[in-house]
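Participant: Have a look at this fold, sequence not included:
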Ligand SMILES: N[C@@H](CCC(=O)N[C@@H](CS)C(=O)NCC(=O)O)C(=O)O
């Protein structure tokens, strides 16, 4: 049985919980209360010195970085629908996973943290900077989704779980970039039961 240290409002946790749900992998969720600072406790830092969620525990093996966890689960359980074995399809999934971490994540943090969690300490310049970046990235995503059902092929992959977890976070913060293709795609991702179940209770 897997143990996943997570937080319900964490978009990085959400993508992993969605895959665990969808693949029917037995797991226990362990809440790391970021507001109370559980992530800074020595016992958690021993698991993940980056003080971030999620962290997966599989027996003696510990793994952090949400996209690495997604790939690990797919490789271990041969989930080739979620992480295709075809060379170019897999490379395209990797492209979106990396794009999401290297281009999108920082802008999502700037916008969501400052709009929803920073309270009086909100950095308005960071919100503006993040929203400007998201206009550029939203167009890239919307163009890429034109005429497509999911990011890579006709079935959802871990690329969709990862990118959509950021999109839902932006939706909660009312900062999802405009785009008919993005809206339609996100609607399709929300039909995935395991993803829907991974959303926080509002
Ligand atoms: N690159 C990491 C990012 C994880 C991350 O930023 N998690 C946030 C919640 S969404 C967190 O735990 N923040 C607490 C902190 O930075 O102290 C991943 O993909 O797992």
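Facilitator: In hand now; what should we look at? Predicted, not measured: the structure shown is a model, and the values here were computed from it.

Participant: quick one, domains of this protein?
Facilitator: Per automatic domain parsing, the structural domains of the chain span 2-77, 87-192.

Participant: for those, which one sits closest to residue 200?
Facilitator: Closest to residue 200 of those is domain 2-77 (CB to CB; 4.1 Å). For every residue, glycine as well, the C-beta is placed using N, CA and C.

Participant: centre of the chain versus that closest one, how much separation?
Facilitator: 12 Å (CA atoms, centre = their mean, to the nearest Å).

Participant: what does stretch 87-94 give?
Facilitator: That offset, for stretch 87-94, works out to 18 Å (CA atoms, centre = their mean).

Participant: returning to what we had before: as a markdown table, the domains of the chain with mean neighbour count would be great.
Facilitator: Below are the domains of the chain laid out as a markdown table (neighbours: other CB atoms under 10 Å):
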| stretch | mean neighbour count |
| --- | --- |
| domain 2-77 | 17 |
| domain 87-192 | 17 |
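
Participant: which stretch among the ones you listed comes nearest the ligand?
Facilitator: domain 2-77 (3.4 Å; CB to the nearest ligand atom).

Participant: would you list the domains of the chain in a markdown table and tack on distance to residue 198 and mean pLDDT?
Facilitator: Output for those, formatted as a markdown table (distance: least, CB to CB, whole Å; pLDDT from 0 to 100):
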| stretch | distance to residue 198 | mean pLDDT |
| --- | --- | --- |
| domain 2-77 | 4 | 98 |
| domain 87-192 | 8 | 97 |
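
Participant: For the chain, which segments are assigned as helices?
Facilitator: Per DSSP state H, the chain carries helices over the ranges 11-22, 42-47, 66-77, 87-99, 105-112, 124-145, 158-172, 180-190, 193-197.

Participant: quick revisit: may I see the domains of the chain arranged in a markdown table, with distance to the ligand as well?
Facilitator: Converted to a markdown table, those look like this (distance: least, CB to the nearest ligand atom, whole Å):
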| stretch | distance to the ligand |
| --- | --- |
| domain 2-77 | 3 |
| domain 87-192 | 6 |
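
Participant: re the thing from before, tell me which of the helices of the chain sits nearest to residue 29.
Facilitator: So among the helices of the chain, helix 11-22 is nearest, using CB to CB, at 6.9 Å.

Participant: contact partners of the closest one?
Facilitator: Defining contact as CB atoms under 8 Å, 6 or more residues apart in numbering, one finds that helix 11-22 is touched by 2, 4, 6-7, 25, 27, 29, 52-54, 56, 66-67, 69-70, 73-74, 79, 82, 108, 158, 161-162, 164-166, 168-169, 192-195, 197-199.

Participant: again, but for stretch 116-131
Facilitator: 106-111, 113-115, 172-173, 175.

Participant: Widest-spaced pair of those?
Facilitator: Comparing all pairs in the contacts of stretch 116-131 by CB to CB, the longest separation belongs to 106 and 172, at 17.7 Å.

Participant: residue furthest from the geometric center of the chain?
Facilitator: Within the chain, residue 120 marks the point farthest from the mean C-alpha position, 26.8 Å out by CA atoms, centre = their mean.
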